[in-house]
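[1] Attaching a predicted model along with its sequence, questions to come.
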Amino acid sequence: TFVHKIRKGMPTPLLQIDKLTKSFGDLVLFSDISFGIAEGDKIGLIAPNGSGKTTLLNILSGKEPYESGRVVFRNDIRLAYLEQSPVFDPEMTVLETCFSTDSETVKLIARYEEMISSGNQKGLDELLVHMDLHNAWDYEQRIKQILTQLKITDFHQKTGELSGGQVKRVALANVLISEPELLIMDEPTN
């Protein structure tokens, strides 16, 4: 496994891995690996198929457990993970897919719309402050801008009609809109 780092200046640490071990039965994928990721790092993980690259990324994103070691993130970090093969509901439109993510901004928008439609406005003032902090008011416009930059312009097209590359770009838009400080991408397209 070859990890290549490009680092400039004195970066802020985002993640520290200490003596991480992962195996499947008798097959040890990696044992006692340690490394750190700092603000500004650009890291490429290059290894043969089956060596555990995706497993490592799944561990870092919290999708998979590990046997021993430590994975320590900076407390307030915004992490986004672009999976190798994203799966979306084929009946949802591109725009609906972008609004179905589990981001804090989407949750705020959903709570706001629920309050307005139900008439129960208890806590609305606090919610409005959070929406301002997360720039939730222009979320749809930002999604459309990112999708357009990624050459996705039919926002009402069903995701089931998209090519594999287009699905990957919609997934990339979903992670970019969250403005992550640490972006993990598993085999992104060019």
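    Yep, it's here.
[2] Let me know the pLDDT of Ile184.
    What the model reports for Ile184 is a pLDDT of 92.
[3] who's in contact with it?
    Neighbouring residues of Ile184 by Cβ atoms under 8 Å, 6 or more residues apart in numbering: 57, 60-61, 79-82. (Each C-beta comes from the backbone N, C-alpha and C, glycine too.)
[4] Report the beta-bridge partners for it.
    Tyr81 (DSSP bridges).
[5] Check Lys22 too.
    Phe30.
[6] was I right about it contacting Thr55?
    Yes: judged on Cβ atoms under 8 Å, Lys22 makes contact with Thr55 at a distance of 5.9 Å.
[7] neighbour-wise, which of these two wins?
    Neighbour totals were compared for Lys22 and Thr55, and Lys22 leads with 21 against 18 (other Cβ atoms under 10 Å).
[8] list residues touching both of Lys22 and Thr55?
    Counting by Cβ under 8 Å, 6+ apart, the residues touching both Lys22 and Thr55 are 29, 64.
[9] roughly how far out does whatever helix or strand Arg142 lives in sit from the chain middle?
    Using DSSP states H and E, Arg142 sits in helix 139-149. From the chain centre to the centre of helix 139-149 is a distance of 16 Å (Cα atoms, centre = their mean, to the nearest Å).
[10] Name the residues of that helix that come out as buried.
    Under the neighbour-count criterion of 16 or more other Cβ atoms under 10 Å, helix 139-149 has 139, 142-144, 146-147 buried.
[11] Ok, stretch 80-89 next?
    So, applying 16+ other Cβ under 10 Å, buried residues of stretch 80-89: 80-83, 86, 88.
[12] what do you get for stretch 122-133?
    Counting neighbours by 16+ other Cβ under 10 Å, stretch 122-133 gives 127, 131 as buried.
[13] same question, stretch 90-104
    93-95, 97-99, 101, 103.
[14] okay, these in a markdown table with distance to Pro13, pLDDT and secondary structure next?
    Listed next are those as a markdown table, based on distance: Cβ to Cβ, whole Å; pLDDT from 0 to 100; DSSP: H, G, I helix; E, B strand; the rest coil:
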| residue | distance to Pro13 | pLDDT | secondary structure |
| --- | --- | --- | --- |
| Thr93 | 40 | 92 | strand |
| Val94 | 36 | 93 | helix |
| Leu95 | 37 | 89 | helix |
| Thr97 | 33 | 90 | helix |
| Cys98 | 31 | 86 | helix |
| Phe99 | 33 | 82 | helix |
| Thr101 | 27 | 77 | coil |
| Ser103 | 24 | 76 | coil |
